[in-house]
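Undergrad: Turn this into a model:
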Amino acid sequence: MIVANEKPLEEILRMVQGYKRILVLGCNTCTAVCLSGGEREARQLASQIRAKAMIDGEGPQVEASGIERQCEPEFLTEYLDDWRERFDLVVSLACGAGVQTLAELLEDRPVVPALNTAFIGSYQGDGTWVEMCKACGDCVLERTGGICPVTRCAKGLLNGPCGGSQGGSCEVDPEKPCAWHLIYERLKRLGQLERLREFVPPKRWALDRKDGGPRKRVRRDVTLPAFRKGVL
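TA: Residues are numbered from 1 along each chain as shown. Prediction:
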């Protein structure tokens, strides 16, 4: 999932200053799961904005709601006209993709982020989410037993550990496990230790910024008229 962290309240209050009709909109998928951006968090933030307005003697209308996914237009289009009519500003609790998708659709209404998008990760228990993937565009998990050295090794090494790891701990941060120690143990359990003898060539870093702009994925078959008509 995409994991995001809350912006400081002071920063959000600065962004909403001067607006009289505000919608605080949660995203009930990724950021809801990491407990930073769901409808519940949207209602909490709306209450904080109202409370600050009351202290300052101002009276903006602040409402809160949630959408299943802000990064997909199909979940948003039916609400756009209503939001344009009723609100001057939308405070989005989605990831950066959701904020931009909503801003593009609303066009003449500003959309501001309430979160800082952090990483792609998974839940580890005890209220902790850990980064698992850097979306590098050249996945090597098949070679490493499903453990990503690009993300989980502090140095991003592809052909084994550095000389500083000791006792299964990372040289950079001894509180964290050495990614290559984890990879070794996983491959051992899988009976695939021979994979460690394979040389991994230098990383093709250009794949994560191939043309210098935003990356995209295009399914040509989906763009065919036959697909759109439901024939394919």
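Undergrad: Give me the pLDDT value at Lys134.
TA: In this prediction, Lys134 carries a pLDDT score of 93.
Undergrad: ok, it to Gln70 distance?
TA: According to CB to CB, to the nearest Å, Lys134 and Gln70 sit 23 Å apart. In this view, the C-beta of every residue, glycine as well, is placed from N, C-alpha and C.
Undergrad: the helices in the protein, which residues?
TA: For the chain, helices defined by DSSP state H occupy the ranges 9-16, 30-33, 39-56, 80-86, 96-106, 149-152, 179-190, 220-223, 225-228.
Undergrad: returning to what we had before: of Lys134 and Gln70, who's got more company?
TA: Gln70 (30 against 14; other CB atoms under 10 Å).
Undergrad: Now that one: phi and psi?
TA: As for Gln70, its main-chain torsions (degrees, to the nearest 10) stand at phi -80, psi -10.
Undergrad: ok, and the closest non-adjacent residue to it?
TA: Sequence neighbours aside, Gly98 is the residue nearest to Gln70 in space, at 3.1 Å (criterion: CB to CB, 6 or more residues apart in numbering).
Undergrad: Could you check how many residues crowd around Gly37?
TA: 33.
Undergrad: Distance check, the residue nearest to it when sequence neighbours are not counted against Lys7.
TA: Leaving aside its chain neighbours, Gly37 sits nearest to Thr31 (2.8 Å; criterion: CB to CB, 6+ apart). With distances taken as CB to CB, Thr31 is found 12 Å from Lys7.
Undergrad: Before we move on, what's the pLDDT of the nearest residue to Lys52 once chain neighbours are set aside?
TA: Leaving out its chain neighbours, the residue that sits closest to Lys52 by CB to CB, 6+ apart is Leu13, at 5.7 Å. On pLDDT, Leu13 comes in at 95.
Undergrad: Any stretches of this protein with poor pLDDT?
TA: Screening the chain residue by residue with the criterion pLDDT under 70, one finds the ranges 208-212, 224-232.
Undergrad: Where do the domain boundaries of it fall?
TA: With domains defined by automatic domain parsing, the chain comprises 2-119, 136-232.
Undergrad: what would those domains look like in a markdown table with distance to Asp126?
TA: Conversion of the domains of the chain to a markdown table gives the following (distance: least, CB to CB, whole Å):
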| stretch | distance to Asp126 |
| --- | --- |
| domain 2-119 | 12 |
| domain 136-232 | 15 |
